[in-house]
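> Output the structure for:
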Amino acid sequence: MAAICLATAFTVGCSKSDDSTSSTQTQTQTGGGQTGGGQQQSQNAVTTDFLQGTWKVEDVAINNVKLSTSTEAAHQALLKCYKLGNFSFSKTEVSIWADRGEECNPTAPKKSAYTLQGDNLTIGDLKTKVSKEGDFLVLTTTEAGKTTKEYFKRINTTYTPVASSEKQAVAKVTITGTQVAGSKVLFYDQDPRPGGITNKGIKEITNGKVDFDVKEYIGKKLYFVVMDPRTNRFLSELVEHTITEGDNAISIALRAIQPTGAKITVTKDGSPLQNQDVYFATGVQLINFNGWKATQGILSYSKSSALTALEGATKVTTDAQGLANASISAGSYKVVVLLDNDYKELDLTVVDEQVKEATISFTTVIQKVDVTFSVTDIDNRLWDDVEITVSGQTKRTSDGRATFQLDANRNYSYTTKTPCGETKTGRFITTTDARFVFVDYEVSSKGTIIVQNRSNGNNPYTVKVNGIERTVRGGADLEVKVPLNQEIQVSWKQISGYAIYPTTGQRNVTTSCSEKVATVTFH
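As a prediction, the model looks like this:
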């Protein structure tokens with residue numbers, strides 16, 4: 001029956017009677033009734049303006065046989081049922097209903113949106129041809145080899161929508177607690193906590209309330225929750241509610257939200273660094289900063305170019321305690337602090353409802369330079385074992401020299417002290433280059449041994465002192481410098497003027513800081 005009953009597709013319904021037409025009638029009507037049952041389509045196009053109003057079925061033709069001309073009881077019963085159907089069009093929707101008895105297979109009234117493109121009329125899932133034949137509106141469908149034409153006559157030009165008999169249900173959600181701007185309510189038709197579950201509705205909270213049309217879920221359990229759209233995290237517990245017809249009051253209490261962010265302490269030489277900008281780079285800013293860092297092996301540090309690379313990054317300034325409190329969302333960041341001549345960075349990962357703490361410390365870097373002391377005595381001899389003290393450091397000379405590493409561009413004082421206690425003080429200024437400091441003493445760093453040849457006859461002698469051998473004429477002296485506080489052997493031997501054996505002799509002598517000169521005389 002539905003195969004040839006267009007009204008059935010519109011939920012109007014048809015008679016339970018046989019819907020077939022006899023071959024005799026078909027042949028008769030085809031032979032002589034083309035003008036009555038198969039009128040040619042009007043050249044005037046059907047428009048939504050033309051459709052507007054209420055239409056009533058006047059006749060139906062099946063395979064070009066009009067039921068109004070048929071003598072079969074089944075066809076007359078079928079036409080009677082068709083005539084109980086009414087179609088009412090606006091420019092966008094159509095309402096279809098019928099007031100009939102059980103014999104016409106009654107169905108509930110319904111309204112549906114429609115579209116009209118040329119002569120193609122689409123109502124819900126039904127597609128049909130539409131035309132005008134005189135004052136009649138004609139809807140033509142073909143299914144399973146049968147063509148059905150319904151002829152409608154306009155009752156009025158007023159659209160009369162049917163009253164919906166569909167059950168209604170609204171979820172009226174009220175949110176209590178401190179809300180996050182832009183928060184939304186979502187609902188699911190199953191518990192979303194296992195993950196991977198798609199929500200069935202989402203709306204932004206307005207004045208603490210949200211309404212959802214949930215009529216299709218009557219009798220079903222739904223799950224409601226509040227979400228922060230910036231982080232996609234739930235801000236409340238799941239609230240379960242079984243939907244009933246009518247209004248469903250649902251209350252969601254927001255849980256206390258812990259802050260999310262970072263707390264960065266910046267120090268220099270152990271002291272808080274106040275009014276210092278701290279940058280939190282991510283995304284494009286992080287890419288730009290890493291690109292800037294790649295140039296640092298080629299170019300010298302440039303704060304201005306680093307600031308350009310960090311443009312757009314979140315910036316927070318430290319307080320008197322050197323603390324930068326940043327309200328930033330969860331994610332991975334590069335934290336950067338730029339000084340005029342230095343910078344530091346660290347990687348930071350922030351998670352929801354957690355304040356991550358970190359410290360960036362700077363230490364003043366002072367250039368060191370080598371300062372070499374050169375100590376000489378009165379004879380311009382390099383003086384070993386001289387004690388030198390500079391800025392709390394003490395060293396002793398070796399080969400007359402001692403080297404200190406000191407801060408560049410500073411003023412220093414020094415003290416030197418010889419092994420015999422003679423001291424000298426002085427001052428000098430460092431630059432960024434290494435330098436020498438010369439300390440000249442007016443005393444000797446050595447002891448002196450004087451050997452006097454006072455032999456009878458003034459004969460010459462060979463004299464040896466501390467490995468030094470010299471010829472000393474009669475009546476002459478030999479002066480030799482020797483280390484202090486060491487026992488030195490002095491020996492002599494007659495060279496000429498002796499009869500059989502030469503005269504010889506030796507003596508051990510020690511010089512000291514208190515007695516730097518020792519004299520040896522032989523006769």
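> Domain-wise, how is the chain divided?
2-156, 169-253, 261-351, 368-440, 447-522 (automatic domain parsing).
> Present those as CSV; the columns should include distance to Ser361.
(Glycine included, C-beta is placed from N, CA and C.) Shown next, in CSV, are these (distance: least, Cβ to Cβ, whole Å):
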stretch, distance to Ser361
domain 2-156, 69
domain 169-253, 31
domain 261-351, 5
domain 368-440, 21
domain 447-522, 52
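> Poorly predicted segments of the protein, please.
Confidence mapping of the chain against pLDDT under 70 gives the ranges 1-44, 98-103, 105-108, 163-166, 297-300.
> thinking again about what came up before, dump the domains of the chain into CSV; add distance to Phe362 and mean neighbour count as well.
Converted to CSV, the domains of the chain look like this (distance: least, Cβ to Cβ, whole Å; neighbours: other Cβ atoms under 10 Å):
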stretch, distance to Phe362, mean neighbour count
domain 2-156, 70, 17
domain 169-253, 33, 15
domain 261-351, 4, 16
domain 368-440, 18, 15
domain 447-522, 51, 15
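> going on from the strand or helix carrying Leu139, what's the next piece of helix or strand?
Using DSSP states H and E, Leu139 sits within strand 136-143. Moving toward the C-terminus from strand 136-143, the next helix or strand (DSSP H and E) is strand 146-156.
> Send me the helix or strand just after that next one as CSV with only the CA atoms.
Next in sequence after strand 146-156, counting helices and strands by DSSP H and E, comes strand 169-176. Provided in CSV are the C-alpha atoms of strand 169-176 (Å, rounded to 0.1, in the frame of the first residue of the first chain):
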residue,chain,number,x,y,z
ALA,A,169,12.4,17.5,28.2
VAL,A,170,14.7,20.3,29.2
ALA,A,171,17.8,20.0,31.4
LYS,A,172,18.0,23.2,33.4
VAL,A,173,21.5,23.3,34.9
THR,A,174,22.5,25.6,37.7
ILE,A,175,26.2,26.2,38.5
THR,A,176,27.3,27.2,42.0
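> And for strand 169-176, what's in contact with it?
Strand 169-176 is contacted by residues 183, 185, 187, 205, 208-215, 217-218, 222, 224, 226, 236, 241, 243-254 when judged by Cβ atoms under 8 Å, 6 or more residues apart in numbering.
> check contacts around Thr140.
Contacts of Thr140 (Cβ under 8 Å, 6+ apart): 128-131, 147-149.
> should've said Ala330
Neighbouring residues of Ala330 by Cβ under 8 Å, 6+ apart: 231, 260, 350-352.
> Reformat these as a markdown table; add distance to Pro272 and secondary structure.
Output for those, formatted as a markdown table (distance: Cβ to Cβ, whole Å; DSSP: H, G, I helix; E, B strand; the rest coil):
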| residue | distance to Pro272 | secondary structure |
| --- | --- | --- |
| Thr231 | 32 | coil |
| Thr260 | 24 | coil |
| Val350 | 23 | strand |
| Val351 | 27 | coil |
| Asp352 | 29 | coil |
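> ok, Val386 touching Lys417?
Yes. In this structure Val386 lies within contact range of Lys417 using Cβ atoms under 8 Å: 6.8 Å.
> how much space between the nearest residue to Arg473 once chain neighbours are set aside and Gln489?
Spatial nearest neighbour of Arg473, excluding adjacent residues (Cβ to Cβ, 6 or more residues apart in numbering): Pro460 at 5.1 Å. For Pro460, the distance to Gln489 equals 20 Å [Cβ to Cβ, to the nearest Å].
> now Asn409
With Cβ to Cβ as the criterion, Asn409 and Gln489 are 53 Å apart.
> Now do the strands in the stretch 51-200 of the chain.
Using DSSP state E, counting those that start in this stretch, the strands of the stretch 51-200 of the chain run over 53-62, 65-66, 85-89, 93-98, 110-117, 120-123, 126-133, 136-143, 146-156, 169-176, 184-188.
> Export the ones you listed as TSV, with columns for distance to Thr397.
As requested, the strands of the stretch 51-200 of the chain are exported to TSV (distance: least, Cβ to Cβ, whole Å):
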stretch	distance to Thr397
strand 53-62	121
strand 65-66	134
strand 85-89	116
strand 93-98	110
strand 110-117	106
strand 120-123	109
strand 126-133	111
strand 136-143	119
strand 146-156	124
strand 169-176	84
strand 184-188	81
